[in-house]
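Visitor: Any chance you can model this:
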Amino acid sequence: MDAPKLPSLFTLVELDTVDSTNAEARRRAEQGPEAAPEGTLIWAAEQTAGRGRRGRTWVSPKGNFYASIILRPEVPLREAAQFGFVASLAVFDTIGSLAQPGTDAHTKWPNDLLISGRKVAGILLEAQGAASAEAPPDFVIVGVGVNLMHFPDDVEFPATCMQDEGTVVLPPEFLQVFARHFLAWSRIWVDEGFERLRKNWLWRCDQVGKEVEVRLANETLTGTFKDLDASGALILETPTGPRTITAGDVFFPQNQDA
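Guide: Below you'll find the model as predicted:
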C-alpha cells in the first residue's frame, strides 16, 4: 500500500532498523519540543533491542508493528499514566477494524491485548522529568508492539499473531488505522476524563469477575479481578480483603502451565 496517511497531529519518523523505538523516541524527546514536538511518531520495520515492561526482551522481526509516540501532556504524571489505556483502546479498536469478524479480542491489565486468550500486543509507557506523581513530566513515550506475522514461542504468557488468527495485516495499514483511533481516544480522554475510558476498557476485558494471579515484585496474589479504580489501578478481591494494585503481571489459571 501507499505511505500511511496519518492525522496532522503526528510527525512520522520512519526507520528500517532501530535498537528500540522507545529508545529512539527518548533520544529525540530529550532534544526538546522543537526537535521532537508533541505527536512525533517513531515507526520501525524491526528492532534489534526491543523492550517490554520490566525490561523484558520484545522479539522484533520484520513483519510486525513497532512504534512509539512522544507526548508532552500538561497533566500530573499519575494522570499521564492513563495514556496506557488510550493506547490499549486504540489497539483494540484497530484490531477490531482489521480482523476477521468474530475475532476473540480482549484487553488485559495493565497494558496488553489478547486474541483467543493469547498475547498479541503490548504497550510500554515511559516518562521523564516529573519530580513526583503530582508534577507534569517533560514528556511521555507510548510504545506499542503488535504481533502481525510473527510471535515468540518461549514466553511465560502464551502469544499469538494476527496472521495465525486469520487476518493478514501489513504494518503500514495497521499504523494508519491505529493513529486514527489513538487520536480519537486521546480526545475523549481530554474532553471527558478517564471514567469513559475506564468503562470502555472494562467492556473490552473478559477477566472481570474471574480468578487471576497477580505477580508483584515481592509477592504473588490470587483473587478475583473485581474492578478498576478511578485511576486505572486493579482492584483484586483476595481471601484477606480487597487489594489495590498499581503495577503487576496478571496470569490466568489456565495459563499457569503454559
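Visitor: Please enumerate the strands of the stretch 101-250 of the chain.
Guide: Assigned by DSSP state E, counting those that start in this stretch, the strands in the stretch 101-250 of the chain fall at 105-108, 112-115, 118-128, 139-146, 211-215, 220-228, 234-238, 241-245, 249-251.
Visitor: So which elements touch the third one?
Guide: By that I understand strand 118-128. Secondary-structure packing of strand 118-128 (3 or more Cβ pairs under 8 Å, 6 or more residues apart in numbering; DSSP states H and E): helix 21-29, helix 83-98, strand 112-115, strand 139-146. Any C-beta I mention is one placed from the backbone N, CA and C, and that applies to glycine too.
Visitor: Residue 100: neighbouring residues, count only.
Guide: 10 (other Cβ atoms under 10 Å).
Visitor: Over to the one 3 residues further on?
Guide: Residues lying near residue 103 (other Cβ under 10 Å) number 16.
Visitor: Relative to residue 41, which of the strands of the stretch 101-250 of the chain is closest?
Guide: Nearest to residue 41 among the strands of the stretch 101-250 of the chain is strand 139-146; the distance by Cβ to Cβ comes to 9.5 Å.
Visitor: Could you list every helix and strand in contact with the closest one?
Guide: Short answer (3+ Cβ pairs under 8 Å, 6+ apart): strand 139-146 packs on helix 21-29, strand 65-71, helix 83-98, strand 118-128.
Visitor: That one to strand 118-128, inter-axis angle?
Guide: Relative orientation of strand 139-146 and strand 118-128, computed by axes from the mean of the first three to the mean of the last three Cα atoms, to 10 degrees: 170 degrees.
Visitor: Off-centre distance for strand 139-146?
Guide: 7 Å (Cα atoms, centre = their mean, to the nearest Å).
Visitor: That strand pairs with which strands, and in what direction?
Guide: strand 65-71 (antiparallel), strand 118-128 (antiparallel) (DSSP bridges).
Visitor: Run the angle between the last one and helix 21-29 for me.
Guide: Right, the one you point to is strand 118-128. 20 degrees.
Visitor: give me every residue that touches residue 176.
Guide: 4-6 (Cβ atoms under 8 Å, 6 or more residues apart in numbering).
Visitor: follow-up on the earlier one: nearest approach to residue 65 belongs to which of the helices and strands packed on strand 118-128?
Guide: strand 139-146 (4.1 Å).
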